[in-house]
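Q: Just need the structure, nothing else, for what follows:
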Amino acid sequence: MPTGDRPEFIVRSTALAGLTLVAADSARRFDRHTHAVHGIGVIDAGGQHSASGRGPVQALRGEVITVNPGEVHDGIPMQGQNRRWRMLHLDVALWDSERPAVEWTRPVLRDARVAALVGAVFACAAAGADALAVEERLALLLHHAPSTLGRTAPRPARADCGRALAQARERLAQALVPPSLAEMAREAAMSRTQFLRAFAAAFGLPPHAWALQQRLARAEALLAQGAVLADAAAASGFADQSHMTRAFRRFRGYTPGQYAARRR
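A: Residues are numbered from 1 along each chain as shown. This next block holds a predicted model:
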């Protein structure tokens, strides 16, 4: 629960297109999930354990945390206590204009200068500064954080990630009503159990969980464009608005309404 009168989660847009601020004060546990954005933030109080795509993470007060688009990770508060953090979420288009073909290589680091620069971007944007002022501070942050970055090379396909798995993933990404496990397994010439294990090994999550993350990303994109909540839910493949709200709370901490209202 949040402390005092501070809300559990705050999410808001900024004058700089593609940059969103997220502040949290929560003991909420997050199941494995993904984001469609690059993220960098600072733990302000407490701590958290996480199993990220780059290995196990233990982040403490004052440390910088990062996440890459599509990276499967979870979040568990230490000793069940509240932890507070401030995060900068950068859309891929904004990120690529500064750091093409680059991603975070370290999920957590203790670097006072980088932490201060994250705080400077957050404070400037939260105060309502214009886009140029925010962009200047963001450029400084990315310039002084090279040790946390690494150029990405095309990732080789895993041995068990064949064409059938890639096709199944594409269907899951596009379909509002996902194909059945039996259907995907049959097309991949596998048993359902074999397909389930192969898909999770290749893409980090089993098919249903992976598809749910795609629905969340689609809903976020629609809400960012001003879509009505019910319309965003339907267009993203959720059963209804309540289903979408439960998914947002489970994997983001905040509601779709909070996300949509961040531009107001």
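Q: Now do the contacts for residue 68.
A: Contacts here follow CB atoms under 8 Å, 6 or more residues apart in numbering; on that basis residue 68 touches 38, 53, 103, 104. Just so you know, the C-beta spots here come from the backbone N, C-alpha and C atoms, and that holds for glycine as well.
Q: which parts of stretch 122-137 are buried?
A: 122, 124, 125, 129, 133, 134, 135, 137 (16 or more other CB atoms under 10 Å).
Q: From the rest of the structure, what touches the helix or strand hosting the first one?
A: Looking back up the chat, that one is residue 122. Secondary structure from DSSP states H and E places residue 122 in helix 112-126. Outside helix 112-126, the residues that touch it by CB under 8 Å, 6+ apart are 12, 14-16, 19, 21, 40-42, 62-64, 86, 88, 133-134, 137-138, 140-141, 144-145, 148.
Q: Likewise for stretch 256-264?
A: 9-13, 20, 219-220, 223-224, 226-227, 229, 232-233, 241, 244-245, 248, 252.
Q: same thing with stretch 138-149?
A: 16, 19, 40, 64, 66, 88, 90, 98-99, 102-106, 109, 111, 113-114, 117-118, 120-121.
Q: List the residue ranges of the stretch 1-150 of the chain that fall below the pLDDT cut-off.
A: For the stretch 1-150 of the chain, the stretches flagged by pLDDT under 70 are 1-6, 98, 101, 146-147, 149-150.
Q: which stretches of it form helices?
A: 92-98, 112-126, 131-143 (DSSP state H, counting those that start in this stretch).
Q: quick one: which of those helices is nearest residue 175?
A: helix 92-98 (22.6 Å; CB to CB).
Q: Buried ones in the closest one, by neighbour count?
A: Buried, per 16+ other CB under 10 Å, within helix 92-98: 94, 95.
Q: got it, and stretch 14-29?
A: 14, 16, 18-28.
Q: Repeat that for stretch 236-249.
A: For stretch 236-249, the neighbour count (16+ other CB under 10 Å) marks 236, 237, 238, 241, 244, 245, 247, 248, 249 as buried.
Q: now swap in stretch 69-80 and tell me
A: Of the residues in stretch 69-80, those buried (16+ other CB under 10 Å) are 69, 70, 71, 72, 73, 74, 75, 76, 77.
Q: Excluding chain neighbours, give the residue nearest to the fourth one in space.
A: If the residues on either side of it in the chain are set aside, residue 72 comes closest to residue 204, at 3.7 Å by CB to CB, 6 or more residues apart in numbering.
Q: Verify the stated contact: the one you found with residue 54.
A: No: the criterion here is CB atoms under 8 Å, and residue 204 misses it with residue 54 at 11.9 Å.
Q: what distance separates stretch 45-59 from the centre of its chain?
A: 14 Å (CA atoms, centre = their mean, to the nearest Å).
Q: mind saving the C-alpha coords of that stretch as CSV?
A: Extracted in CSV, the C-alpha atoms of stretch 45-59 (Å, rounded to 0.1, in the frame of the first residue of the first chain):
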residue,chain,number,x,y,z
ALA,A,45,13.4,3.5,-1.0
GLY,A,46,13.2,-0.2,-0.1
GLY,A,47,14.3,-2.8,-2.6
GLN,A,48,13.2,-5.4,-5.1
HIS,A,49,14.1,-8.8,-6.5
SER,A,50,13.6,-9.5,-10.1
ALA,A,51,14.2,-12.3,-12.6
SER,A,52,15.0,-10.4,-15.8
GLY,A,53,16.0,-11.4,-19.2
ARG,A,54,19.6,-10.5,-18.3
GLY,A,55,19.7,-12.5,-15.1
PRO,A,56,18.7,-12.2,-11.4
VAL,A,57,18.4,-8.7,-10.1
GLN,A,58,18.6,-7.3,-6.6
ALA,A,59,18.0,-3.5,-6.6
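Q: so how far is residue 227 from residue 243?
A: Between residue 243 and residue 227 the computed distance is 16 Å (CB to CB, to the nearest Å).
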